[in-house]
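Enquirer: Sequence plus the predicted model coming up.
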Amino acid sequence: MGPILLVFALAVLAWLLVVGDLVRRHRPAWHWYLVGYPVTAWRVLFTWRRVALLNDLSVSKLPARTLVGHLIVKGDPLRPVAPRCSFPRATRMGLSVTVRLHAGQTPMTYIKAAEALVHAWRVHAVRVTSPERGLVLLTAMASDPLHRPGLATAPAELLSALIGALESGGAWVMNLRLVPHWLITGATRSGKSTLLARLITQLATQPVALVGIDCKGGMELGLFTARLTALATCRREAVAILSALVVDMQDRMSACRVAGVRSIWELPDKLRPIPVVVIVDEIAELYLSDGTRESKAEAEQCSTLLLRLGQLGAALGLHLVVAGQRVGSDLGPGVTALRAQLGGRICHRVNDPGTAEMTLGDLNKDAVAVAQTITADERGVAVCTGPDGGWSRARSHLTSTQEAVSTARKYSGMTPELPALDRALAALEGDVK
């Protein structure tokens, strides 16, 4: 009977291995809850004290100085105590642990120790957030959820665009009704242009006016001309378009004042002006000057007009989406003032810490540190803010150039006309001639 039982046991083991591999590949969430989570949770609890000690997370309750007779003896404090942590709670393809900080500790200490936690727990990544004072939330992910982000679903709302997937597994939605203005930064080939293409294809199917400002000769936004109400390819055209939008904004103010409302969304459908989304690609081209008087005047005009739209446009259906490789105070004080009006922030991989700080620093310091860890291989990955004030890593869905151009042409019939823009561009052409 011995050999028979041995063969039977080996057969059962082989069957379990085969079934386990199939479950891991086709039902990764099931495999995580059944196998991955119990093993990782045990590893977290087993290694916590040692990891905390080696990474300066433990604190001794004994003083570092001791009085012996009339002498003060200095030395390393003995018997360090690891901070208290909760039992690991399972999440989809990960787990979370809440840690109570010792007096004097800050979340930055845990951010520095995140890489050590990754190796000790044998997970893909550990994110550190502080939901409230005195607490740190450690969120571990068994695998990279943004490696192949699935197409999540999102409710179809006006001025709402499904642009990608969040690291938590949810849909990454840019809702201009909730957050009216956005700042997008990223180095070359970081995924910034892909994100703008995705945004345009999502808004192209909606009854909104899309206005492009691309002072690189229209190389990026010129692909979507069929769906754009207007496109500025140089700073002079940008000044004309922005000036016309400010005039249109004043007309919308008058309509709201006459109707006794504080927003165009309170107007009846027949009286409500069409929403306008202004997409600026490479903001630096609007602010940089070659030193001539005319160039300086145009840069100051662009700065003033964009700031006015950012300050007053939210309630009037005028929205800004501003993108650039670098956003810093070296572009002028107008950039800092405009940034304060752009509540939504998206930071891809950047070439300098200053841009990450300018993009996310006034909202969350932890997000700045995470944004600087994005590598060149993670195209489309970004750190984004949410309407609740929090932040998350996310990845935009890949939208090819052919798909974006095809969508723009398909919905070209939905391109609305704005008479103020038409008059401004016609007058500009007349001046050139």
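Expert: Perfect, thanks for sending it. Residues are numbered from 1 along each chain as shown.
Enquirer: Might you list the low-confidence residue ranges for this structure?
Expert: Applying pLDDT under 70 to the chain picks out residues 1-2, 4-28, 61-79, 147-155, 429-433.
Enquirer: Which of the three states applies to the residue nearest to the spatial centre of it?
Expert: Centroid-nearest residue in the chain: residue 384, 1.6 Å away (criterion: CA atoms, centre = their mean). Under the three-state scheme (DSSP: H, G, I helix; E, B strand; the rest coil), residue 384 adopts strand.
Enquirer: Could you do residue 163 as well?
Expert: Assignment for residue 163 (three-state DSSP): strand.
Enquirer: quick one, what contacts it?
Expert: 172, 173, 174, 195, 198, 199, 202, 396, 397 (CB atoms under 8 Å, 6 or more residues apart in numbering). For every residue, glycine as well, the C-beta is placed using N, CA and C.
Enquirer: biggest separation within these, which pair?
Expert: Greatest spatial distance among the contacts of residue 163 (CB to CB): 173 and 195, at 12.9 Å.
Enquirer: Show me which of these two is the more surrounded one.
Expert: Using other CB atoms under 10 Å, the more surrounded residue of residue 173 and residue 195 is residue 195, with 28 against 19.
Enquirer: next one: the helix or strand where that one lies to chain centre, how far?
Expert: Using DSSP states H and E, residue 195 sits in helix 192-203. Relative to its chain's centre, helix 192-203 lies at 14 Å (CA atoms, centre = their mean, to the nearest Å).
Enquirer: Can you name the residues in contact with that helix?
Expert: Contacts of helix 192-203 (CB under 8 Å, 6+ apart): 159, 161-164, 174, 184-186, 210, 220-221, 223-224, 227, 277, 279, 281, 321, 323, 325, 346, 348, 379-380, 382, 396-399, 401, 403-404, 407-408.
Enquirer: and with 6 Å instead?
Expert: 161, 163, 184, 186, 220, 224, 323, 348, 380, 396-397, 399, 404, 407 (CB atoms under 6 Å, 6 or more residues apart in numbering).
Enquirer: Partner strands of the next helix-or-strand element following it, with direction?
Expert: Counting by DSSP H and E, the next helix or strand C-terminal to helix 192-203 is strand 209-214. Applying DSSP bridges to the sheet, strand 209-214 is found paired with strand 230-232 (parallel), strand 276-281 (parallel).
Enquirer: ok, back up a step: among the contacts of helix 192-203, which are in strands?
Expert: 161, 163, 184, 323, 396 (DSSP state E).
Enquirer: May I ask which two of these are separated the most?
Expert: 161 and 323 (14.4 Å).
Enquirer: what about the helices in the stretch 51-200 of the chain?
Expert: Here the stretch 51-200 of the chain has its helices, by DSSP state H, counting those that start in this stretch, at 107-112, 114-121, 192-203.
Enquirer: Can I get stretch 243-254 as PDB, trimmed to CA atoms?
Expert: Extracted C-alpha coordinates of stretch 243-254, given in PDB (Å, rounded to 0.1, in the frame of the first residue of the first chain):
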ATOM      1  CA  SER A 243      -9.000  87.600 -25.900                       C
ATOM      2  CA  ALA A 244     -12.100  86.400 -27.800                       C
ATOM      3  CA  LEU A 245     -12.800  83.800 -25.000                       C
ATOM      4  CA  VAL A 246     -12.600  86.500 -22.400                       C
ATOM      5  CA  VAL A 247     -15.100  88.600 -24.300                       C
ATOM      6  CA  ASP A 248     -17.400  85.500 -24.600                       C
ATOM      7  CA  MET A 249     -16.900  85.000 -20.800                       C
ATOM      8  CA  GLN A 250     -18.200  88.500 -20.200                       C
ATOM      9  CA  ASP A 251     -21.300  87.800 -22.300                       C
ATOM     10  CA  ARG A 252     -21.900  84.700 -20.200                       C
ATOM     11  CA  MET A 253     -21.600  86.700 -17.100                       C
ATOM     12  CA  SER A 254     -24.300  89.100 -18.400                       C
END
